[in-house]
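Visitor: The sequence and its predicted three-dimensional model are supplied below.
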Amino acid sequence: MFKNQHKSRSVAAVLAFAGTLTISGLHKFYLGQPLWGVVYVLLSWTPIPKVASAIEGVWFLAQDEESFDQNFNLGKSTRISQTAGMQVASIADALRELDTLRQDGLITEYEFEQKRRQLLEHI
């Protein structure tokens, strides 16, 4: 169900903490570890999974997003890197300036299209 979806650190923490009060192991199913989820459910008559869930909830919150992604999202983050974001912003600014030149009649439609393509090739 959650196999290829990006896992959220906060959702995992909430499910882990919920496991201290209700059914333990839901966070394991969410994180793609169904075998451990079954172990937690099978041991639910003991305090072991509740204590483990509390510890894991704290651990999830203590990690930064990058560490969590490394552990549970195959190292893939949904965040755009800061340099990539800056590059996109600078290309967008250049495109706006280019469009202004075209609207002011300082460059032709053909020149605008050529420059626009050059800028977009760098993405």
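Guide: Ah, there it is.
Visitor: so Val51 is in which element?
Guide: helix 48-62 (DSSP states H and E).
Visitor: angle of the very next helix or strand once past that helix against helix 48-62?
Guide: Once helix 48-62 ends, the next helix or strand along the chain (criterion: DSSP H and E) is helix 65-72. Between helix 65-72 and helix 48-62, the angle comes out at 140 degrees (axes from the mean of the first three to the mean of the last three CA atoms, to 10 degrees).
Visitor: buried sites along helix 65-72?
Guide: For helix 65-72, burial by neighbour count (16 or more other CB atoms under 10 Å) applies to 68-69, 72. Every C-beta, even on glycine, is put in place using the N, C-alpha and C of the backbone.
Visitor: Surely Lys50 and Ser24 touch.
Guide: Yes - if you go by CB atoms under 8 Å, Lys50 and Ser24 touch, sitting 5.6 Å apart.
Visitor: re the thing from before, other SSEs contacting the helix holding Val51?
Guide: The contact analysis (3 or more CB pairs under 8 Å, 6 or more residues apart in numbering; DSSP states H and E) places helix 48-62 against helix 9-18, helix 26-30, helix 34-42.
Visitor: Adding mean neighbour count, write those helices out as a markdown table.
Guide: Formatted as a markdown table, those follow (neighbours: other CB atoms under 10 Å):
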| stretch | mean neighbour count |
| --- | --- |
| helix 9-18 | 19 |
| helix 26-30 | 22 |
| helix 34-42 | 16 |
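Visitor: out of those helices, which comes closest to Glu121?
Guide: helix 9-18 (36.0 Å; CB to CB).
Visitor: quick one: the closest one to chain centroid distance?
Guide: 16 Å (CA atoms, centre = their mean, to the nearest Å).
Visitor: Alpha carbons of that helix, in CSV - could you do that?
Guide: Extracted in CSV, the C-alpha atoms of helix 9-18 (Å, rounded to 0.1, in the frame of the first residue of the first chain):
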residue,chain,number,x,y,z
ARG,A,9,8.8,11.6,9.3
SER,A,10,5.9,13.3,11.2
VAL,A,11,3.3,10.6,10.2
ALA,A,12,5.7,7.9,11.2
ALA,A,13,6.2,9.6,14.6
VAL,A,14,2.5,10.0,15.2
LEU,A,15,1.8,6.4,14.3
ALA,A,16,4.6,5.3,16.6
PHE,A,17,3.3,7.3,19.5
ALA,A,18,-0.2,6.1,18.8
